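S.K.: dropping a prediction and its sequence here:
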Amino acid sequence: MHLAKKSKFAIIIGLLPALLLYTIFAIVPILQSFYYSLMEWNGFSEMKFVGLSNFKMLFQDPLFWKSAKNNLFVVIASVLGQIPIALVIALLLNRKLKGAKFFRTIGFLPVVLSTVVISLTWSLIYNTKNGLINELLRTVGLESLTQNWLGDTSWSMIAVCITVIWQFVGLYLIIFLAALQNIPEEVLEAAKIDGASEWVTTWKITIPMIWDTIIVAVILCISGSLRTFDLIYVMTHGGPAHSTEVMALYMFNETFNKLQYGYGSAVSVVIFFFSLLLIFIVTKSMGKKMI
């Protein structure tokens, strides 16, 4: 009993530094955002309590709803793009093919690259005059299909989403590979002995056994997509005509360009609850095991 108490005390002492840091750098800023969202403040003058006025203004602003719609588009595109692509590649690389380690490294490379570098590189690829995509189209005689990829409101968001998908596929590839390698070989061997095909084994055994990992990956993908800011800021600044402006960029413009710190905090609070809502819906819908 005495040893058990000592062990619990040691665990608490060990957790305290991490808990303290988490409280200071995560919990406190969130609480401050809630507080500032009820204020009118430009960052310099005295704060003025305005209650829920910031939220009322926010929900009446068409630009906010446009940024929310753009953000939702990024979330859907990321989940439907990053997760399936990463899963398929992980399933292929898990077969211990020659060069699997090389392709695993190459796949993860975009994740470790600076977002600014990625943004500038893809901006060059999308360049209207001498970008890679338009040059390829001209080379094969399809000049009529060339576009101003980042300057056309019809294509700008699609172009940005392709970049976001490319950037983070490698992250989920590594996550899925780690999960696949933890599946006991005996289970897969038993399926082969029973005469199960590769497709049946993958769909009925492999996928269900890593389903919890897939749920975690989807949650990470959603939360990451809702925080998308730097890539869009460098590539388009939210343009043209706010066609790529997401909620984080909208918050940045309102807070630091217009010096509306209270209003910007209200936007951050809405983003916070919007994230929780999406994650709750996904967790509930995907939490049921595959049949």
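M.R.: Looks like it arrived, so ask away. Numbers count the residues shown, from 1 in each chain.
S.K.: check which helix or strand covers the residue positioned nearest the centre of the chain.
M.R.: Per Cα atoms, centre = their mean, the C-alpha nearest to the average position across the chain is that of residue 224, at 2.5 Å. For residue 224, the host element (DSSP states H and E) is helix 211-226.
S.K.: list the helices and strands that helix packs on?
M.R.: When contacts are defined as 3 or more Cβ pairs under 8 Å, 6 or more residues apart in numbering; DSSP states H and E, helix 211-226 packs onto helix 62-93, helix 156-180, helix 261-286. Heads up, the C-betas are built off the backbone N, CA and C, glycines and all.
S.K.: counting by contacts, list what the longest one packs against.
M.R.: Contacts of helix 62-93 with other secondary structure elements, assessed using 3+ Cβ pairs under 8 Å, 6+ apart, are made with helix 100-112, helix 156-180, helix 211-226, helix 247-252, helix 261-286.
S.K.: winner for burial among the ones you listed?
M.R.: helix 247-252 (a mean of 22; mean count of other Cβ atoms under 10 Å).
S.K.: so how far is that helix from its chain's centroid?
M.R.: Computed by Cα atoms, centre = their mean, to the nearest Å, the chain-centroid distance of helix 247-252 equals 15 Å.
S.K.: repeat that for stretch 17-35.
M.R.: For stretch 17-35, the distance to the chain centre is 22 Å (Cα atoms, centre = their mean).
S.K.: avg pLDDT for it?
M.R.: The average pLDDT within stretch 17-35 is 89.
S.K.: contacts for that stretch, please.
M.R.: By Cβ atoms under 8 Å, 6 or more residues apart in numbering, the residues outside stretch 17-35 that reach it are 265, 268, 269, 272.
S.K.: what's the next secondary structure element after the helix holding residue 224?
M.R.: Downstream of helix 211-226, the next assigned helix or strand under DSSP H and E is helix 230-235.
S.K.: what are the buried residues along that next one?
M.R.: Within helix 230-235, the residues that count as buried by 16 or more other Cβ atoms under 10 Å are 231, 232, 233, 234, 235.
S.K.: and the gap between the third one and residue 260?
M.R.: Read that as residue 233. Residue 233 sits at a distance of 18 Å from residue 260 (criterion: Cβ to Cβ, to the nearest Å).
S.K.: with the fourth one instead?
M.R.: Residue 234 sits 23 Å away from residue 260, taking Cβ to Cβ as the criterion.
S.K.: likewise for the first one?
M.R.: Using Cβ to Cβ, we find residue 231 at a distance of 24 Å from residue 260.
S.K.: one step back: for the residue nearest to the centre of the chain, give me its contacts.
M.R.: Residue 224 touches 78, 168, counting by Cβ under 8 Å, 6+ apart.
S.K.: cool, residue 90 as well?
M.R.: Residue 90 neighbours (Cβ under 8 Å, 6+ apart): 172, 173, 176, 177, 180.
S.K.: I'd guess residue 13 is in a strand, am I close?
M.R.: No. Residue 13 is assigned helix when assessed by DSSP: H, G, I helix; E, B strand; the rest coil, not a strand.
S.K.: how many other residues sit next to it?
M.R.: 9 (other Cβ atoms under 10 Å).
S.K.: distance of the nearest residue to residue 66 once chain neighbours are set aside from residue 276?
M.R.: Nearest non-adjacent residue to residue 66, counting by Cβ to Cβ, 6 or more residues apart in numbering: residue 242, 5.8 Å away. Using Cβ to Cβ, one gets 25 Å for the distance from residue 242 to residue 276.
S.K.: fine, thanks again, bye for now.
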